[in-house]
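Asker: Structure for the following, please:
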Amino acid sequence: MQATAHTIDPVAEKALAINLDDRLYGTFAEIGAGQEVARHFFRVGGAAGTVAKTMSAYDMTFSDAIYGQASRYVSLERLNEMLEHEFSLLEERLSSARGGGTCFFAFADTAAAMSHRGGNECHAWMGLRFQTRPGEPPSDVLLHARMHDQNNQLQQEALGRLGVNLCSAAFYHWKTPHSLVEQLLDAIEPKRVEIDWICLRGPAFDTHAPEPVDNRLLALQLVRLGFTPAVLFDDRGIPLLAADAIRKKAVLVERGRFAPVTRLNLTMLSDARRLFEEELTTASPGRVSTECPTILEVMEITMNNLRDQGTVNDADFLSRVDLLSAAGKMVLVSELGPFHRLAEYLAERHVARTGIVLGVPLLRELFGEGHYRQLPGGILEAFGRLFTNSVRLYVQPTRDALDGRVITAESLSVAKHLTHLLQHLLENRLLRGIPYEESMLRTYSSEQVRTRIASGDLSWKEFVEPAVAELIEQRGYFGCCSSETR
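Answerer: Purely as a prediction, here's the structure:
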C-alpha cells in the first residue's frame, strides 16, 4: 500500500512513533531480502534515537562467522542465533551507558524472496527480542511468514511492512497478545503474506501479562483471522510449522469433531494405516519400494467443526487438542473446508503421499454436487483437484440407522449420473473400503459420547481410550463431574 499526498501510510506512522519513543533503542539484522525493515525507520526520520546498528550478512561464510553454523539459513535456528547474538552485543556494549533508562531490542529476519530464476520457496523467519522494562530479561515474538507476491520487489516491500508491524505490535500491545497478533498484517493487502506460525515467550508473556500466554490459542487465532488456512500441532499439543513438519512425509489425515476423540476414530485410523502402508511399500505391481516415507497420523478439526456448539470456544478447542495429544496424535486445525483444498494445502507443503480417512456418511456428502457450485467444473473439477496430488481415500463402513444393514464404499448409493464416477475411483484404487468384521462393527459419534459424559452416564468410558477418559475426568471436560468433586 503506497502513501499518497492525501493519505498517511499507517506503517510509516508506526515507524515514526517508535523512532520518537525515547525508551527504545536497538539493532536491526536482516538476511536475504535487503534492509527492508530498517529502511522504513530511516525513511521516516528520527532513526538516530532508535537505531544502534543495522546489518546484513548475505554471504554464508560471513553469516556463519557472526552467528555460528546453521543447517539452514532461512530457519528458526538461524533466527534464534541472530537474536541471541545481537541482543547480547547491545547489553555488553551499552548497558553501563544507558541500560538504566532504556528498553533494548534486537530485530532479526532471515528470508528467501523470489529469485531471478523463480520456483523457490518464498518465506521468512522474523523475530523481535525486547525489554518491557529497563534492565529486565528480554521477551521474544517469533513468527514465520510465506510471501505470495509474484515478484521479488513486492515481496521485499511486504516483508518490510510486516517487520514494522511486528515491532509496533510487540512494543505497544504486548499486554494483550491477541491484539498483538491482530496488528501484524495491518496495511498489507490480503493474500500478500501468510503468517502460519507464531510464538510469544519470556517474562512479558509469562509473568507480566494478566494470564500466561498459550501459544496454541495464538495459533488458532491465525486461522480465525484468515492469516493462514491451517495450523499444525504435534502429539504434545505444541504448534509446529507445517511446511517443515510434514515435508516429504506420508500424511494420513482423519477429519472429525473429536469432542471427544473416540475408540472408533482411532480404530478407523489404525485400519486405514494398514492399507496406506501397503500402497506406500508397493512401488509398482510385483516390485517393492526400498524407500518408504515416514507416516504421520494427523487428526484434522475444521473451524466449522469447532463451531459445532455455535461459536469457537477457546476452552473447548484446548480440550480437544489435549485429548488428541493424550491419544498420541498430531492435530491440524483448518479453515480448508472441501477435501480438495486440504489435498492442495498438503501438496503445497511437499508431502510425499496423502491418505484421507472418512466414514461412509462423509463420503456420501462428498458426492453432494451442491458443495461445488462455486467451481466452474463442479464435482468433476473438485475430484480432479482432490486426486491430482497422490491422494487416496480410505472409507469406514457404517450401519444404516433404520434397518441396521452395513453400508460400505462399494455399496453406497449415489446419484445415478455419478455412479460411474464412484466406480472409477474404486476400480483405480483411489478410493478403498476399510476391511471390517460385521459382528464387531459399531458406529457411534463423538456427540453421543459427549451427551453421555454430560448426563453422568458412566458407560461413556467404553467408547474412549483409558488415557483419554482419565484426562476427561481429571479436568472435567464436556461437563464431566471430575473425580475430585464426586
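
Asker: nearest residue to G68 other than its sequence neighbours?
Answerer: Closest residue to G68 apart from its sequence neighbours, by Cβ to Cβ, 6 or more residues apart in numbering: E81 at 5.5 Å. In this view, the C-beta of every residue, glycine as well, is placed from N, C-alpha and C.

Asker: you'd agree the one you found is in a helix?
Answerer: Yes: E81 forms part of a helix when assessed by DSSP: H, G, I helix; E, B strand; the rest coil.

Asker: Can you report how many residues neighbour S95?
Answerer: Neighbours of S95 under the rule other Cβ atoms under 10 Å: 14.

Asker: mind checking which helix or strand the most far-flung residue of the chain relative to its centre is in?
Answerer: Each residue of the chain has a distance to the centre, and by Cα atoms, centre = their mean the biggest one is for A97: 42.6 Å. Applying DSSP states H and E as the criterion places A97 in helix 76-98.

Asker: Mind listing residues that contact that helix?
Answerer: By Cβ atoms under 8 Å, 6 or more residues apart in numbering, the residues outside helix 76-98 that reach it are 25-27, 29, 31, 52-53, 63, 66-68, 70-72, 99, 102, 104-106, 108-110, 125-129, 135, 138, 140, 142, 144, 241.

Asker: shaky segments in the stretch 151-300 of the chain?
Answerer: 283-290 (pLDDT under 70).

Asker: All the strands of it, residue numbers only.
Answerer: Listed in chain order, the strands of the stretch 151-300 of the chain (DSSP state E, counting those that start in this stretch) span 193-201, 230-233, 239-240, 250-255, 282-284, 287-288, 295-302.

Asker: for those strands, which one sits closest to I356?
Answerer: strand 250-255 (5.3 Å; Cβ to Cβ).

Asker: In the closest one, which residues are buried?
Answerer: Of all the residues in strand 250-255, those buried under the rule 16 or more other Cβ atoms under 10 Å are 250-255.

Asker: Which elements pack onto that strand?
Answerer: In terms of contacts (3 or more Cβ pairs under 8 Å, 6 or more residues apart in numbering; DSSP states H and E), strand 250-255 is packed against helix 263-281, strand 295-302, helix 339-348, strand 353-359.

Asker: Provide the strand pairings for the shortest one, with the direction of each partner.
Answerer: Put plainly, it is strand 353-359. Strand 353-359 has these partner strands in its sheet, going by DSSP bridges: strand 250-255 (parallel), strand 391-396 (parallel).

Asker: Distance to F478 added to these, as CSV?
Answerer: Shown next, in CSV, are those (distance: least, Cβ to Cβ, whole Å):
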stretch, distance to F478
strand 250-255, 20
strand 391-396, 23
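
Asker: residue ranges for the helices of the stretch 301-450 of the chain, please.
Answerer: 303-306, 314-326, 339-348, 360-366, 378-387, 419-427, 446-455 (DSSP state H, counting those that start in this stretch).

Asker: Which of these sits closest to P293?
Answerer: Taking the helices of the stretch 301-450 of the chain one by one with Cβ to Cβ, helix 339-348 is closest: 12.8 Å.

Asker: now the helix or strand just after the helix holding A97 against helix 76-98, angle please.
Answerer: Following helix 76-98 in sequence order, the next helix or strand is strand 103-112 (DSSP H and E). Here the directions of strand 103-112 and helix 76-98 differ by 150 degrees (axes from the mean of the first three to the mean of the last three Cα atoms, to 10 degrees).
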